[in-house]
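J.: Here is my input; please provide its structure:
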Amino acid sequence: MSDQNPSTQKPSVLFVCVHNAGRSQMAAGFLRHLAGDRIEVRSAGSMPADQINPVAVEAMAEVGIDIAAEQPKILTTQAVQDSDVVITMGCGDTCPFYPGKRYEDWTLDDPAGQGIDAVRPIRDEIRARIEALVDELLAPADAQRESRRGLSVLFVCAKNGGKSQMAAALMRQIVGDAGQVHSAGTAPGSALNALSAASVAEVGASMEGERPKPIDPALLRAVDRVVVIGDEAVVERAPGMAGTIETWTIDEPSTRGIEGKERMRLIRDQLAEKVRRLASQLVVPSKA
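T.: Residues are numbered from 1 along each chain as shown. Next up is the predicted model:
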């Protein structure tokens, strides 16, 4: 992992006990369950058993985690080298040491030969330690991701085939993944406006993969800004709505006899100017 960008690398944890049949397997199971794919998880044993402890499997199943398919694995130097955090549970000096790794030794009772009543407290202590570990390992990444997230915007017009889709495409072109951009219609049509798609493509933006959509009430409540384009669509505040609603008035070139591609380009350019101003308000600069 040392060759990855530190700002994007995924933390990795190796759990080690003697037999890799009980404590280290429960710890790995909890970490996978609580962190998902945000942390790379390994487990191994200095003297691995033939099979995982069935009582450990039973104890984990009681809390909804299935480790029955896991197999004890031999501890290798490669596993240690590939991990950022190495947590031992009784293997002592048999665990290789490499500079730059974080080592911890968790003093936990061995569930080997114990009944379910004795294993449950061990399981619960492991879970508490894993919850603390997850918070510690993911807090910096979560904070950095939040600092770069930007705010969220929902563009709305009546049919969600033209203006709101154009505004969303232009916004995505500016903010990339630093903001969350959505569009919807109060009375969505059946297809995108081909001239709208072509006009934004001329300036490097894209409506590819989009389609007219109705307003999602949950999304309406969650976004930071709702932008209603034109006077055909009306959006009322929803109970529990966190963001603000504003309306953009767009000069309609067709009232001056301008139609077709030229009309759409003029609409695009008006939207682009408004989108640039909005983007400067929505995107939170990275502190990196």
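
J.: ok so Thr247 is a strand residue?
T.: Yes - judged by DSSP: H, G, I helix; E, B strand; the rest coil, Thr247 forms part of a strand.

J.: For the lowest-mean-pLDDT helix or strand in the chain, name the packing helices and strands.
T.: Sorting the helices and strands of the chain by mean pLDDT, DSSP states H and E puts helix 116-149 at the bottom, at a mean of 80. Judged by 3 or more Cβ pairs under 8 Å, 6 or more residues apart in numbering; DSSP states H and E, helix 116-149 is in contact with helix 23-35, helix 54-61, strand 85-88. Using the backbone N, CA and C atoms, a C-beta is placed for each residue, glycine as well.

J.: Can you mark which positions in the last one are buried?
T.: If you call a residue buried by 16 or more other Cβ atoms under 10 Å, then strand 85-88 has these buried ones: Val85, Val86, Ile87, Thr88.

J.: closest to Val134 among these?
T.: Of all these, Val134 sits closest to Val85, with 11.4 Å by Cβ to Cβ.

J.: which residues touch the closest one?
T.: Contact partners of Val85, counting by Cβ atoms under 8 Å, 6 or more residues apart in numbering, are Pro11, Ser12, Val13, Leu14, Lys101, Arg102, Tyr103, Glu104, Leu133, Leu137.

J.: give me that answer again for 7 Å
T.: Each residue near Val85 by Cβ atoms under 7 Å, 6 or more residues apart in numbering is listed here: Pro11, Val13, Arg102.

J.: try Ser196
T.: By Cβ under 7 Å, 6+ apart, the neighbours of Ser196 are Gly162, Gln165, Met166, Met264.

J.: Farthest-apart pair in those, please.
T.: Greatest spatial distance in the contacts of Ser196: Gln165 and Met264, 11.8 Å, computed using Cβ to Cβ.

J.: Have a look at these two and say which one is more surrounded.
T.: Using other Cβ atoms under 10 Å as the criterion, Gln165 and Met264 rank with Gln165 on top: 27 against 24.
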